[in-house]
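[1] task: produce atomic coordinates for the following.
(one chain, ligands or ions: 1)
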Amino acid sequence: MNNYHQFDVVVVGAGGAGLMAALYASKTASTAVLSKLYPTRSHTGTAQGGVGAALGNIEEDHPEWHTFDTVKGSDYLGDQDAIEFMCYEAVQAVYELEHYGLPFSRTADGRIAQRPFGGHTNNVTGKPVSRACYAADRTGHMILQTLYQQCLKNNVNFFDEYQVVDVLIENGAAAGVIAIELASGEMHVFHAKAVIFATGGHGRIWEITSNAYSFTGDGPAIVMRRGVPLEDMEFFQFHPTGIYRLGILITEGVRGEGGVLINDKGERFMEKYAPTVKDLASRDVVSRAMYLEMREGRGIGGKRYLYLDMRPETVNKYAALDGRKRPDGSPYVVTGEELLAKLPDIVDFARTYLGVDPVTQMMPVQPTAHYAMGGIPTNKYGEVVIDEKNTVMPGLYAAGECACVSVHGANRLGTNSLLDLIVFGKHAGLRAAEYSQGADFQKLPADPTEFARQQFEAIRNSDGDEKAYVIGNEMKSVMFDEVGVFRTEQGMNLALEKVRELRERLKRVRRPDPGKIFNTEVINIWELGNLLELAEVTTISALARTESRGGHAREDYPKRDDANWLKHTLAWWDHGQVRLGYKPVVITKYQPKERVY
Ligand SMILES: Cc1cc2nc3c(=O)[nH]c(=O)nc-3n(C[C@H](O)[C@H](O)[C@H](O)COP(=O)(O)OP(=O)(O)OC[C@H]3O[C@@H](n4cnc5c(N)ncnc54)[C@H](O)[C@@H]3O)c2cc1C
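    As a prediction, the model looks like this:
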């Protein structure tokens, strides 16, 4: 059979997590990577600011400080065993990337350069610490290119532009995946001993988002339909600085280099909300502060945006007021040329999309949907766990943004996602390869493509008059308004009703183009179905959680409630209905405290 393939390990997704997993799995097992995009077009390539590791190249720093900051940033919902594991592995992981040839920016004496980022602090003084290792503002691009080259060198088998649409589970273990070859429209069976999902996020649920068009949550939706629960889906991060109306990201690195947020009165308002770290508070804190400023009429011209100011005179003024120093102890002073060298792409984006030159003008920004803290539940080895007792499903793995380890808890710190990809991608790859050495292939069902075919036949034979893009826009708008930075029961009920209505309407979508070759219309309808199901799970998980924690801020329950809610949500998709369960948070050293920045 031409459309039948067999590998020990199949990796779904060719972003940072997928490539790292493939690189490690391929050292001992036959490995294939399936990706709906050409690998180097994965969203990892857009990551700007940096990857976090306590190298201490600029100033004193320790993996333990990184651990504590991540626990605190997670609003104590992160699992502390996994967080400690990640932060201690970080140093080695970054040096490993360096040895693979990643061209990091450098200090004057040739070491990997580092800069401050939100929520990363010196645990003694509480001040921001330089922990983000970066390659200008193209860190993700460099990671992706470096890992892709390493995978090619290691003879990983790539199936580019293959869209995975189903996972096969036999006898309670992973047996392979079903994929559509986009160039021909043909379905292929990939029989595998181990399957690793690394499909990225689902930020396309929201209207204003920094996420690529491809972030449609395929991985979580696929495994959920096969009985795997999703964890902590109510926690989605809104990044403070998206370009007004477009959502395109302006990295936190801008504030790391000294940029500040300014309201209509010309005030640096973060001083009020986070007196110690100010503009470098964690993202949930900054996004909420921006909403409050705008609600109280201090958006620019009364509108729904604020200014991000990185003009050298502003940076130098506030650096002097904050007493910021260079590593040699001299006052922190920057020039326009230095900012250009450190943030070239940002300067370019602002010129292209805003017509604004950030070295001489301020940039209009608003919070933008950015990162999925929730996803497919795993332990720290990337093994998927399927219930309240963390029972492992043999042969199934997940890593990267589609997974929930959980190291980010209720709110992720900047630079910790790229770190998550390389640490947990590596371990998922190692574990999957090891498992495949001792396991047999599961027997495939008589008709392995049946479930996937049913889904696509329903789309192709649909004969209503609904338009998919209208349904998509209605979802994005209600989710941004009602399940966004601030939430209420009333608003979320409205969103839930709407999303359910839209799921029904999607069944009556206008019959799509019947072609087979690169039929993106059919694929986009299927992806919209994924987004709608994940939107429903997100809203139901969020309605149930009657507290505010990290990225989940409820106006009707404004306080964190550790007595009742220091636990992870699990959501099962039961024949179109969502069922919720809960499991405890792993707490090792750090007892929950109030977060003060
Ligand atoms: C603009 C932007 C800037 C960011 N900056 C930073 C930063 O500076 N530091 C940081 O730590 N984090 C940053 N993040 C977050 C971080 O970049 C992402 O969380 C991370 O790159 C996700 O990597 P991944 O490997 O999980 O997924 P991706 O890199 O998105 O890869 C997903 C892969 O899955 C494939 N795929 C998806 N669905 C299917 C399917 N059905 N079938 C086959 N293949 C499929 C895609 O083709 C792709 O190859 C940023 C995010 C954005 C959006």
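[2] contacts for stretch 257-274, please.
    For stretch 257-274, the surrounding residues in contact (C-beta atoms under 8 Å, 6 or more residues apart in numbering) are 115, 240-241, 255, 278-281, 285-286, 288-290, 292-293, 297-302, 306-310, 314-316, 318-319, 324, 332, 334, 339, 342-343, 362, 365, 597. Bear in mind the C-beta positions are built from the backbone N, C-alpha and C, glycine included.
[3] neighbours of the residue of the stretch 451-597 of the chain found nearest the ligand, just the number please.
    The stretch 451-597 of the chain approaches the ligand most closely through Glu527 (8.0 Å), counting by C-beta to the nearest ligand atom. Residues lying near Glu527 (other C-beta atoms under 10 Å) number 25.
[4] where does the residue lying closest to it once chain neighbours are set aside sit, in terms of helix or strand?
    Distances taken as C-beta to C-beta, 6 or more residues apart in numbering place Thr216 nearest to Glu527, at 3.9 Å, with adjacent residues excluded. For Thr216, there is no enclosing helix or strand under DSSP states H and E.
[5] which positions in stretch 471-489 come out as buried?
    The neighbour-count check on stretch 471-489 (16 or more other C-beta atoms under 10 Å) flags 471-472, 475-476, 478-480, 482-487 as buried.
[6] likewise for stretch 322-332?
    By neighbour count on 16+ other C-beta under 10 Å, the buried set for stretch 322-332 is 322, 324, 332.
[7] test my guess that the second one contacts Ser330.
    Spelled out, it's Arg324. No: counting by C-beta atoms under 8 Å, Ser330 is not a contact partner of Arg324; they are 10.6 Å apart.
[8] and the residue of the stretch 51-200 of the chain that's closest to the ligand?
    Counting by C-beta to the nearest ligand atom, the stretch 51-200 of the chain gets nearest to the ligand through Gly200 (2.9 Å).
[9] how about that residue, what does it touch?
    So Gly200 contacts 13, 15, 42-44, 212, 214-215, 219, 400-402 (C-beta under 8 Å, 6+ apart).
[10] buried subset of those?
    Burial by neighbour count, 16+ other C-beta under 10 Å: within these this picks out 13, 15, 42-44, 212, 214-215, 219, 400-402.
[11] out of those residues, which touch the ligand?
    13, 15, 42-44, 214, 400-402 (C-beta under 6 Å from any ligand atom).
[12] now the two most distant members of those residues.
    Taking C-beta to C-beta as the measure, these span a maximum distance of 13.4 Å, between Ser214 and Gly400.
[13] doesn't Tyr582 lie inside a strand?
    Yes: the assignment for Tyr582 (DSSP: H, G, I helix; E, B strand; the rest coil) places it in a strand.
[14] so it is in contact with Leu570, correct?
    Yes: the pair Tyr582 / Leu570 is scored as a contact, 6.6 Å apart, by C-beta under 8 Å.
[15] these two: which has the busier surroundings?
    A count of neighbours by other C-beta under 10 Å puts Leu570 above the other of Tyr582 and Leu570, at 23 against 14.
[16] still on that earlier bit, report the two of the buried residues of stretch 471-489 separated the most.
    Once C-beta to C-beta is applied, those give Ile471 and Phe486 as the farthest pair, at 24.9 Å.
[17] hmm, back to that, narrow the contacts of stretch 257-274 to those in helices?
    The helices, defined by DSSP state H, take in 255, 285-286, 288-290, 292-293, 314-316, 318-319, 339, 342 from these.
[18] nearest to Arg351 among the residues you listed?
    Distances from Arg351 to the ones in helices among the contacts of stretch 257-274, taken by C-beta to C-beta, are shortest for Leu339, at 13.4 Å.
[19] any idea how many residues pack against that closest one?
    22.
[20] tell me the contacts of it?
    By C-beta under 8 Å, 6+ apart, the contact set of Leu339 is 257, 310, 312, 315, 347, 358-359.
[21] and the stretch 101-250 of the chain, which residues reach the ligand?
    139-140, 163-164, 198-201, 210-211, 214, 218, 249.
[22] strands - which of these land there?
    Using DSSP state E, the subset of those located in strands is 163-164.
[23] which neighbours do Tyr582 and Leu570 have in common?
    Common neighbours of Tyr582 and Leu570, using C-beta under 8 Å, 6+ apart, are Glu388.
[24] related to what we said a few turns ago, kindly reformat the buried residues of stretch 322-332 as a markdown table containing pLDDT and distance to the ligand.
    Output for the buried residues of stretch 322-332, formatted as a markdown table (pLDDT from 0 to 100; distance: C-beta to the nearest ligand atom, whole Å):
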| residue | pLDDT | distance to the ligand |
| --- | --- | --- |
| Asp322 | 93 | 23 |
| Arg324 | 92 | 21 |
| Tyr332 | 95 | 22 |
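[25] how about the residues you listed in JSON lines, adding distance to Val124?
    Shown next, in JSON lines, are those (distance: C-beta to C-beta, whole Å):
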{"residue": "Asp322", "distance to Val124": "17"}
{"residue": "Arg324", "distance to Val124": "17"}
{"residue": "Tyr332", "distance to Val124": "20"}
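[26] tell me the one of these nearest Thr546?
    The shortest approach to Thr546 among the buried residues of stretch 322-332 belongs to Asp322, at 38.1 Å (C-beta to C-beta).
[27] apart from its neighbours in sequence, what residue is nearest that closest one?
    Using C-beta to C-beta, 6+ apart, the nearest residue to Asp322 is Lys278, at 7.4 Å.
[28] and that neighbour, what is it in contact with?
    So Lys278 contacts 260, 268, 270-271, 322 (C-beta under 8 Å, 6+ apart).
[29] helices - which of the residues you listed land there?
    Counting by DSSP H, these contribute 270-271, 322 to helices.
[30] what number of residues lie near Arg505?
    When neighbours are counted by other C-beta under 10 Å, Arg505 comes out with 17.
[31] am I right that it sits in a helix?
    Yes: when three-state DSSP is applied, Arg505 is found to be in a helix.
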